[in-house]
Every structure is written in C-alpha cells, then in structure tokens.
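**Q** Here is a sequence with its predicted model. Questions after.
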Amino acid sequence: MQPPKSAICVICGIRPATTDEHVPPKGFFKGLSGQFRTVPSCSRCNNDSSYDDEALRFYISAQLGKRTESTKLLWEKGAHKSILRSTKLRFTFLNTLQEVAAKNLNGETISHLAFLVPESLYQRVFERVTRGLYFWHRGIILPASTPVKINLLLNTPDLDDPELMLFESNSIADDAFEYKYGIDPQDSCNSLWIFGLHKSHWIKASTGLLTCDVC
Ligand SMILES: [Zn+2]
C-alpha cells in the first residue's frame with residue numbers, strides 16, 4: 001500500500017510538513033528489519049519527539065527485560081546505550097525511583113526500589129503514534145481538536161475477543177509491533193486502537209468521544 005501524502009503535518013495538523021516521522025518510533029525495534037511506517041510531519045513535531053522516544057524506549061525496555069531475542073536487542077542495542085550516554089535521561093529515571101513496600105515469601109514486609117511509570121510520556125509518544133497511524137490508514141488528518149487518550153494495559157488483551165475480531169489487524173517489524181484498530185463508521189473521529197510491543201507490552205488509545213469515561 002502506498003502511504004498517503006499530506007502538505008500539512010499529520011501530527012499537529014497545523015504546520016507545513018517538511019519531513020517524515022516514523023510511527024511507531026523506529027528506535028523501539030532495534031536490530032529488527034521490516035516495513036516501518038512514516039507519515040508527513042513538520043520539523044518541530046519531529047525534533048520534539050526524539051528525547052521522548054528515547055526516554056520511553058528506556059522505560060519500556062526496563063519493564064520487558066531481555067526475555068526474547070527482540071527485547072534483548074532493544075536493551076543491548078538501544079536502551080542501555082541511551083542511559084549510559086544521556087545524563088538527562090539518567091537524572092529523569094533516578095527521579096522516578098521510589099521505595100515501595102512488598103511482601104517477601106515469608107510474608108514479611110520489605111521495601112524495594114521501583115520506578116514510577118511515566119504516564120505523560122506514554123501519552124505524548126502514543127498520541128503521536130495514534131495520529132500518525134490514523135492518517136496512514138485513513139488518508140485524512142485526525143483534527144487537532146479531537147482528543148486522544150492513552151492507557152497502559154496491565155494485562156495482555158484477548159485479541160480473539162469477538163469484538164476485537166472485527167478490528168483490522170496489522171503488524172510491523174517482524175511482528176514486534178502489532179496493532180488492531182476500529183473506527184466508528186458514523187463519526188470517524190471516534191476510534192479505538194490496541195498496540196502491542198514485543199508481544200508483551202500493551203497500550204490502548206481512544207480518540208474522540210471514546211476518550212470520555214462516562215459515555
Ligand atoms: Zn507538526
């Protein structure tokens with residue numbers, strides 16, 4: 001499929017597109033080949049995203065560990081290098097560390113260090129991914145006024161759920177990035193997306209009215 005073109009940045013929907021942005025960020029799939037997707041973006045959206053992408057890659061990699069070949073490559077060729085190189089990233093990470101209480105095998109309360117999941121970072125990075133892929137599939141820009149809400153899913157979603165079966169499935173980078181999405185045929189601003197990274201890290205995005213918790 002030929003990716004659609006746009007003279008306007010599909011991320012902010014405002015400034016002229018002068019460059020291409022990878023959605024999802026290519027750095028999330030170190031050492032993997034495959035058909036990566038790019039969408040037209042302005043240089044500001046593109047440049048502003050680099051630090052966020054690198055920081056989120058570190059957090060994702062730290063949570064995934066080195067359990068599969070693709071997550072091992074992500075850590076060794078990407079995340080580990082970033083934390084060694086970037087003082088800002090090290091400082092940000094150390095700032096999110098906190099002592100939490102947990103029970104050990106004997107039932108005793110112990111404390112250990114854990115890091116806080118940076119929700120605003122997930123929101124910024126995956127809002128960009130959602131807007132980019134929305135354009136990639138539909139060929140129209142999701143209006144800047146349409147909200148996008150990102151939620152980190154704690155459990156692996158049941159992708160065989162009959163409701164999700166209706167959604168279109170896609171995969172990129174040797175299946176290291178899979179996603180499903182559905183768009184409301186009555187009002188295309190409403191859409192729902194499930195993103196899966198390295199088959200073990202799941203994120204939900206909703207747009208338009210679906211971001212409302214009440215309706
Ligand atoms: Zn832009």
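**A** Happy to help now that I have it.
**Q** State the pLDDT value of Val214.
**A** Per-residue confidence for Val214 comes out at a pLDDT of 54.
**Q** what residue lies at the spatial centre of the chain?
**A** The residue lying closest to the centre of the chain (Cα atoms, centre = their mean) is Phe126, at 3.9 Å.
**Q** what helix or strand is that residue on?
**A** Secondary structure assignment for Phe126, by DSSP states H and E: helix 119-138.
**Q** and the next element down the chain from that helix?
**A** Following helix 119-138 toward the C-terminus (DSSP H and E): strand 148-153.
**Q** List the contacts of the next helix or strand after that next one.
**A** On the C-terminal side of strand 148-153, the closest following helix or strand by DSSP H and E is helix 162-165. The contact list for helix 162-165, computed with Cβ atoms under 8 Å, 6 or more residues apart in numbering, reads 157-158, 180, 194. In this view, the C-beta of every residue, glycine as well, is placed from N, C-alpha and C.
**Q** now do stretch 48-59
**A** Contact with stretch 48-59 is made by 21, 25, 27-28, 74, 78-79, 82-83, 86, 88-89, 92-93, 115, 117-118, 121-122, 124-125, 128, as judged by Cβ under 8 Å, 6+ apart.
**Q** Poorly predicted segments of the chain, please.
**A** Scanning the chain for pLDDT under 70 picks out the ranges 1, 212-215.
**Q** What parts of it come near the ion?
**A** By Cβ under 5 Å from the ion, the residues of the chain that approach the ion are 9, 11-12, 15, 42, 45.
**Q** Measure how far the helix or strand encompassing Gln98 is from the centre of its chain, please.
**A** Under DSSP H and E, the secondary-structure element containing Gln98 is strand 97-103. In terms of Cα atoms, centre = their mean, to the nearest Å, the centre of strand 97-103 is set 26 Å apart from its chain centre.
**Q** As TSV, the contacts of helix 162-165 with neighbour count would be great.
**A** Putting those into TSV (neighbours: other Cβ atoms under 10 Å) gives the following:
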residue	neighbour count
Pro157	14
Asp158	9
Lys180	19
Ile194	19
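**Q** Name the helix or strand for Thr92, please.
**A** Under the criterion of DSSP H and E, Thr92 resides in helix 87-95.
**Q** What helices and strands are in contact with that helix?
**A** helix 43-64, helix 80-85 (3 or more Cβ pairs under 8 Å, 6 or more residues apart in numbering; DSSP states H and E).
**Q** Let's see that with 6 Å instead.
**A** helix 80-85 (3 or more Cβ pairs under 6 Å, 6 or more residues apart in numbering; DSSP states H and E).
**Q** which parts of the helix it packs on are buried?
**A** 82-83 (16 or more other Cβ atoms under 10 Å).
**Q** could I have that helix exported to CSV, CA atoms only?
**A** C-alpha atoms of helix 80-85 as CSV (Å, rounded to 0.1, in the frame of the first residue of the first chain):
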residue,chain,number,x,y,z
HIS,A,80,21.2,0.5,27.6
LYS,A,81,23.3,2.8,25.4
SER,A,82,20.9,5.7,25.9
ILE,A,83,21.0,5.6,29.6
LEU,A,84,24.8,5.5,29.6
ARG,A,85,25.0,8.4,27.1
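**Q** Give me the contact list for that helix.
**A** Helix 80-85 has contacts (Cβ atoms under 6 Å, 6 or more residues apart in numbering) with 54, 58, 89-90.
**Q** Among the residues you listed, name the buried ones.
**A** 54, 58, 89.
**Q** Thank you, goodbye.
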